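Trainee: One predicted model, sequence on top.
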Amino acid sequence: MPSKYRLKNLFKGKLVELLSKLFIKLKFTPNLVSIFAFINTLIAVILFAIIPYPFNSVIFGIFIFWLMLLDGVDGTLARMTNQITHFGGVLDSVLDRYSDSLLLVGFLFVYPFDMLFLYVPIQIWVMVAILGFIMVSYTRSRGEKELKEDLDVGLGARTERLFILFIFSILLMPLIGLIITVFLSHLTVLYRVICFNRLLNKKVNKR
């Protein structure tokens, strides 16, 4: 699935531009937006853990949607203010990985430790989800470093994973959203490895 068909393109429209202009008026830099998004992640996880069901699920979903908007804002703001830097890109990527992991860890504070889903403990689901989320990003960055070209392929990029968590949280089924993202993320890792191998072979054959 090419990146041009991604859900992330929906978070680069007028709403994100308006939010970016608001943050500019508030004297936010792109890096401050990235940090602000991370703080919002912490708030989302805390509220998810302490507010009773079903309200925690809805609030969690709303925060995830807000985080998706902020994920578009930092890049848009950087372009609008001509503040695109290598450090900003690395900071945003690192905080995104921490944010994703924290969102998933939040499930451990909501569901009982002795809970099983499909005969698998909730701790295992969360652990495998964190691995999948991180490896989707790592596979792309590592592959692009070798290929020197875009490897943003597959159905389980960050925006799609967060969107699934958002939808199922709003529908009061956050755990189902978690399970879906587990399978989707690891399938995306596999697909990116396959695409990397195919593109690498093409380069070798052209020599």
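Mentor: Happy to help now that I have it. Numbering: from 1, shown residues only.

Trainee: Mind giving me the packing neighbours of the strand or helix carrying K21?
Mentor: Using DSSP states H and E, K21 sits in helix 14-25. For helix 14-25, the packing partners by 3 or more CB pairs under 8 Å, 6 or more residues apart in numbering; DSSP states H and E come out as helix 55-80. Placement of C-beta: from N, CA and C, glycine included.

Trainee: list the buried ones in the helix it packs on?
Mentor: Residues of helix 55-80 classed as buried under the neighbour-count rule (16 or more other CB atoms under 10 Å) are 56-61, 63-68, 70-78.

Trainee: How far does it sit from its chain's centre?
Mentor: Distance of helix 55-80 from the chain centroid (CA atoms, centre = their mean, to the nearest Å) equals 10 Å.

Trainee: can you check stretch 126-144 too?
Mentor: 10 Å.

Trainee: how about it: buried residues?
Mentor: 126, 128-133, 135-137, 139-140, 143.

Trainee: Put the alpha carbons of it into PDB.
Mentor: Written as PDB, here are the backbone C-alpha positions of stretch 126-144 (Å, rounded to 0.1, in the frame of the first residue of the first chain):
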ATOM      1  CA  VAL A 126       0.800  -5.600  25.200                       C
ATOM      2  CA  MET A 127       4.400  -6.800  25.000                       C
ATOM      3  CA  VAL A 128       3.900  -8.200  21.400                       C
ATOM      4  CA  ALA A 129       2.000  -5.000  20.500                       C
ATOM      5  CA  ILE A 130       4.900  -2.800  21.600                       C
ATOM      6  CA  LEU A 131       7.400  -4.900  19.700                       C
ATOM      7  CA  GLY A 132       5.200  -4.700  16.600                       C
ATOM      8  CA  PHE A 133       4.800  -0.900  16.800                       C
ATOM      9  CA  ILE A 134       8.500  -0.300  17.300                       C
ATOM     10  CA  MET A 135       9.600  -2.800  14.500                       C
ATOM     11  CA  VAL A 136       7.200  -1.200  11.900                       C
ATOM     12  CA  SER A 137       9.100   2.000  12.300                       C
ATOM     13  CA  TYR A 138      12.600   0.400  12.600                       C
ATOM     14  CA  THR A 139      12.000  -1.700   9.500                       C
ATOM     15  CA  ARG A 140      11.200   1.400   7.400                       C
ATOM     16  CA  SER A 141      14.100   3.500   8.700                       C
ATOM     17  CA  ARG A 142      16.600   0.600   8.400                       C
ATOM     18  CA  GLY A 143      15.400  -0.400   4.900                       C
ATOM     19  CA  GLU A 144      15.400   3.200   3.700                       C
END
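
Trainee: any idea of the mean pLDDT for it?
Mentor: Averaging pLDDT along stretch 126-144 yields 96.

Trainee: need the helices for the protein, in chain order.
Mentor: 14-25, 30-50, 55-80, 86-105, 122-147, 158-170, 174-206 (DSSP state H).

Trainee: of all those helices, which lies closest to L116?
Mentor: helix 122-147 (7.6 Å; CB to CB).
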